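okay, here's the prediction I keep looking at, along with the sequence it came from:
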Amino acid sequence: DAKTTQPPSMDCAEGRAANLPCNHSTISGNEYVYWYRQIHSQGPQYIIHGLKNNETNEMASLIITEDRKSSTLILPHATLRDTAVYYCIVGPNTNAGKSTFGDGTTLTVKP
Amino acid sequence: DAGVTQSPTHLIKTRGQQVTLRCSPKSGHDTVSWYQQALGQGPQFIFQYYEEEERQRGNFPDRFSGHQFPNYSSELNVNALLLGDSALYLCASSLEGVTDTQYFGPGTRLTVL
């Protein structure tokens, strides 16, 4: 069973920030939050991950609440090419590999 | 730097047949995981290979088996195919002891008729 809960779909206007929420209320102390996205007919692509501090890279920012029970992925300036299914998963940072993907959030960026 | 590659890209089989899918990991990676993704659903973990051995396994029957070679490439074998095995099969590679970040290949689309 997936250990995260995400809304099934979201829309965002091109050029605006896209904020994708994820609930992971049963996360344990050594588990990280990972975000991947999957553009139609391609393999998932790693975006970002974090433990408890907020993280930022060239693709996105990850905001994790202080109690670590939820997080938000932020795409600061969404483009049409950001239209994809976004997956939030939790797992240890030890190459366990057994990632449990839920059904993700389908983000549609509209012009 | 070559990413994860998979072959073939598409495959059509009939019920009862056997299939072998292949994966070459990203350069420098030593761990390979396989996932099954049914239409409209998220990827489901099948198993992971490290040092040529199956290290972890998801909730899949023994009809699903695999192998990892000394060059870290991997195969996924499925015997006695069922209609329900029709899916996108994804291979992901990672580097042991560094991070759990996985790099996925484009997948193999298997259709069972």
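Received, thanks.

how many residues are close by residue A:111?
By the criterion of other Cβ atoms under 10 Å in any protein chain shown, residue A:111 has 7 neighbours. (Glycine included, C-beta is placed from N, CA and C.)

show me what contacts it?
Neighbouring residues of residue A:111 by Cβ atoms under 8 Å, 6 or more residues apart in numbering or on different chains: A:14, A:80.

look up how far residue A:81 lies from it.
12 Å (Cβ to Cβ, to the nearest Å).

quick one: mean pLDDT over stretch B:8-15.
In this model, stretch B:8-15 has a mean pLDDT of 97.

ok, what's across the strand from the nearest residue to residue A:30 once chain neighbours are set aside?
What sits nearest to residue A:30 in space, not counting adjacent residues and going by Cβ to Cβ, 6 or more residues apart in numbering or on different chains, is residue A:92, at 5.4 Å. Beta-bridge partners for residue A:92, by DSSP bridges, are residue A:31.

likewise residue A:73?
residue A:20, residue A:62.

what is the burial count for it?
With neighbours defined by other Cβ under 10 Å, the count for residue A:73 comes to 25.

is it in contact with residue A:59, as I believe?
No. Under the criterion of Cβ atoms under 8 Å, residue A:73 makes no contact with residue A:59, lying 9.5 Å away.

for residue B:83, give me the backbone phi and psi.
Dihedral pair for residue B:83: phi -60, psi -40, per degrees, to the nearest 10.

give me the pLDDT for the residue nearest to it when sequence neighbours are not counted.
Leaving aside its sequence neighbours, residue B:83 sits nearest to residue B:112 (Cβ to Cβ, 6+ apart; 5.3 Å). On pLDDT, residue B:112 comes in at 97.

residue B:98 too?
Looking at residue B:98, its pLDDT stands at 65.

check the one 5 residues further on too.
As predicted, residue B:103 sits at a pLDDT of 90.

distance check, it against chain A.
Distance, residue B:103 to chain A, using Cβ to the nearest Cβ, to the nearest Å: 7 Å.

tally of neighbours for that residue?
18.

surely it touches residue B:92?
Yes. If you go by Cβ under 8 Å, residue B:103 and residue B:92 touch, sitting 6.3 Å apart.

which neighbours do the two share?
Any residue near both residue B:103 and residue B:92 by Cβ under 8 Å, 6+ apart counts here, and that gives residue B:4.
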